[in-house]
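Undergrad: Need coordinates for the following:
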Amino acid sequence: MGIIDDNISAVLRRGKLSSLLGRLKEHPLARVGPGLITGVADDDPSGIATYSQAGAQFGLNMLWTMPLCFPLMAAVQSMCGRIGRVTGKGLAANIKAFFPPFVLKFVVVLLLVANTLNIAADIAAMGEVAELVTGMNRHLATLFFTFGTLVLQVLVPYHRYVNFLKWLTLSLLAYAAVLFTVHVPWSEVALRTVWPRLSMNAETATVAVAIFGTTISPYLFFWQASEEVEEMKGDPPLIEDAARSETELRRLRWDTWSGMLYSDATSYFIILATAVTLNIAGITNIETAAQAASALQPLAGDFAFALFAAGILGVGLIGVPVLAGSAAYALAEAMGWQEGLELKASDARGFYGVIAVSILAALAIQYLPISPMKALFWSAVINGVVAVPLMVVVILLASSRSVMGPFTSGWPIVILGWVATALMAGASIMMLLPG
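TA: From the prediction side, this is the model:
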């Protein structure tokens, strides 16, 4: 009887385990994709430089920006993803269908310019970090990263390439790990997160504007909407087949909000890591992500430096394809070209041509008398100009029954979207004011 009882117990345990695994496979987090990758791409090397400057210059007193940004960025991105999944078309295709032509032309042209300048700053940072870590010439490293990302995007189908991007998202954990190598006054951190000590002057406003502009970026809107279309894999859009709407929209919510939380928490950790190291040591001016990593080495040790540098390279390998891909989706949809990373290059020449031109143009900027940081500045200015009208367009599309049918975004998301738009409008105005 004892042997029979043991066998029965073993069968029951296996049954419970199989049931648990089955439930886990059905959970929306088991199918994360566009939201997670979009979130990580938001923390590209240019973003790391911005967050590092915030921590170095203001210490713990800029931590408050990240809890504020989280619900706003998640709301905007969830609307973008919802537009893609419900309509089966990317953001540019929906703008083309429901708005005057000048709106689309204005947005796409500025997006192409801003993304190219942003890619230039990112690959420059990656080359600089590679030189710091390996001793390899930065220009050779930049060439390697440029052609590596280009070849992967052009030759590897989306369903395989996306798995590579998902693994790269783990690189953000490096910034949480850095905190285990330094002393962190957690009680002070908690206090300053909700009650910062700030002087409301031009310097404070500039850094706050930079953080909001980095966190809520137009290229992420186009990327997530188009990746939701890629993830459909030939399935009809929800507006034509509502049977799967509950499952798909639940998956989209989990994916987007968890991806934005991951991104936002990492940005918080970057500000915190530089605050408790660089700021305390009196280093208050950081221009590039590589400079932040280099300055961290003598203060926090080789391991912290290696983690910070590895994070820059990992997110750069995500950020560059997302920047180039979002521009390609936008222009291809605007022109009515075949588009999609699942297609072969021979079947979507215009789409892949945009990816190639934007990446190679960014590479060319490295050899021109143009500072990558100047390129990043002008990218931020252009993004600030295009972000506000584009966010208005996204909200109008996501809340329109003629576009979304019965699957319009709920009023809490729409309200958060309008709050984010007002915040970005104020930030853009402050950024463009002289002085």
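
Undergrad: how about the closest residue in space to Ser294 that isn't next to it in sequence, what does it touch?
TA: Computed as C-beta to C-beta, 6 or more residues apart in numbering, the closest residue to Ser294 that is not its neighbour in sequence is Leu132, at 5.8 Å. For the C-beta atoms, the positions are set from N, CA and C on the backbone; glycine is no exception. Leu132 sits next to Ala290, Ala293, Ser294, Ala309 when contact means C-beta atoms under 8 Å, 6 or more residues apart in numbering.

Undergrad: any idea which of the residues you listed is the one closest to Leu238?
TA: Set against Leu238, the nearest of the contacts of Leu132 by C-beta to C-beta is Ala309 (42.5 Å).

Undergrad: Sort out which residues of the helix or strand harbouring Ala141 are buried, please.
TA: In this assignment (DSSP states H and E), Ala141 forms part of helix 138-155. Neighbour counts over helix 138-155 (16 or more other C-beta atoms under 10 Å) mark Arg138, Ala141, Thr142, Phe145, Thr146, Thr149, Leu150, Leu152, Gln153, Val154 as buried.

Undergrad: per-residue confidence at the second one?
TA: In the prediction, the pLDDT value recorded for Ala141 is 90.

Undergrad: measure it to Ala306 for me?
TA: Ala141 sits 16 Å away from Ala306, going by C-beta to C-beta, to the nearest Å.

Undergrad: before we move on, back to that, could you dump the buried residues of helix 138-155 to JSON lines with distance to Thr38?
TA: Output for the buried residues of helix 138-155, formatted as JSON lines (distance: C-beta to C-beta, whole Å):
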{"residue": "Arg138", "distance to Thr38": "28"}
{"residue": "Ala141", "distance to Thr38": "26"}
{"residue": "Thr142", "distance to Thr38": "25"}
{"residue": "Phe145", "distance to Thr38": "21"}
{"residue": "Thr146", "distance to Thr38": "22"}
{"residue": "Thr149", "distance to Thr38": "17"}
{"residue": "Leu150", "distance to Thr38": "20"}
{"residue": "Leu152", "distance to Thr38": "18"}
{"residue": "Gln153", "distance to Thr38": "16"}
{"residue": "Val154", "distance to Thr38": "21"}
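
Undergrad: which one of those is nearest Ala97?
TA: Out of those, the member with the shortest distance to Ala97 (by C-beta to C-beta) is Gln153, at 26.9 Å.

Undergrad: quick one, what contacts the closest residue to Leu60 other than its chain neighbours?
TA: Once flanking residues are discounted, Leu60 sits nearest to Arg192: 3.8 Å by C-beta to C-beta, 6+ apart. Each residue near Arg192 by C-beta under 8 Å, 6+ apart is listed here: Gly59, Leu60, Asn61, Leu63, Trp64.

Undergrad: And the pLDDT at Arg192?
TA: For Arg192, the pLDDT comes out at 94.

Undergrad: And for Met126?
TA: Confidence score, pLDDT, at Met126: 88.

Undergrad: Pull out the buried positions in the helix or strand harbouring it.
TA: Assigned by DSSP H and E, Met126 belongs to helix 101-134. By neighbour count on 16+ other C-beta under 10 Å, the buried set for helix 101-134 is 103-104, 107-108, 110-133.

Undergrad: ok, now stretch 392-407?
TA: Result for stretch 392-407 [16+ other C-beta under 10 Å]: buried residues Val393, Val394, Ile395, Leu397, Ala398, Ser399, Val403, Met404, Gly405, Phe407.

Undergrad: Is the second one in contact with Leu91, as I believe?
TA: Yes: between Val394 and Leu91 there is a contact at 7.2 Å, judged by C-beta atoms under 8 Å.

Undergrad: could you point out which element follows the helix or strand of the chain with the lowest mean pLDDT?
TA: When each helix and strand of the chain is scored by mean pLDDT, DSSP states H and E, helix 2-26 comes last, with a mean of 54. As assigned by DSSP H and E, the chain's next helix or strand after helix 2-26 is helix 34-41.

Undergrad: So which bits of that following helix are buried?
TA: Buried residues in helix 34-41, counting neighbours by 16+ other C-beta under 10 Å, are found at Pro34, Gly35, Leu36, Ile37, Thr38, Gly39, Val40, Ala41.

Undergrad: residues in contact with the first one?
TA: Under the criterion of C-beta under 8 Å, 6+ apart, the neighbours of Pro34 are Gly81, Trp223, Gln224, Glu227, Glu228, Glu230, Glu231, Asp255, Thr256, Gly259.

Undergrad: and for Val394 and Leu91, which residues touch both?
TA: Common neighbours of Val394 and Leu91, using C-beta under 8 Å, 6+ apart, are Cys80, Ile83, Phe221.

Undergrad: would you turn the residues you listed into a markdown table with pLDDT and distance to Met424?
TA: Converted to a markdown table, the shared contacts of Val394 and Leu91 look like this (pLDDT from 0 to 100; distance: C-beta to C-beta, whole Å):
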| residue | pLDDT | distance to Met424 |
| --- | --- | --- |
| Cys80 | 96 | 15 |
| Ile83 | 97 | 19 |
| Phe221 | 94 | 12 |
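
Undergrad: and which of the residues you listed is nearest Leu416?
TA: Using C-beta to C-beta, the shared contacts of Val394 and Leu91 come closest to Leu416 at Cys80, 13.2 Å.

Undergrad: State the number of residues packed around that closest one.
TA: 29 (other C-beta atoms under 10 Å).

Undergrad: likewise the one 3 residues further on?
TA: Taking other C-beta under 10 Å as the criterion, the count of residues near Ile83 is 29.
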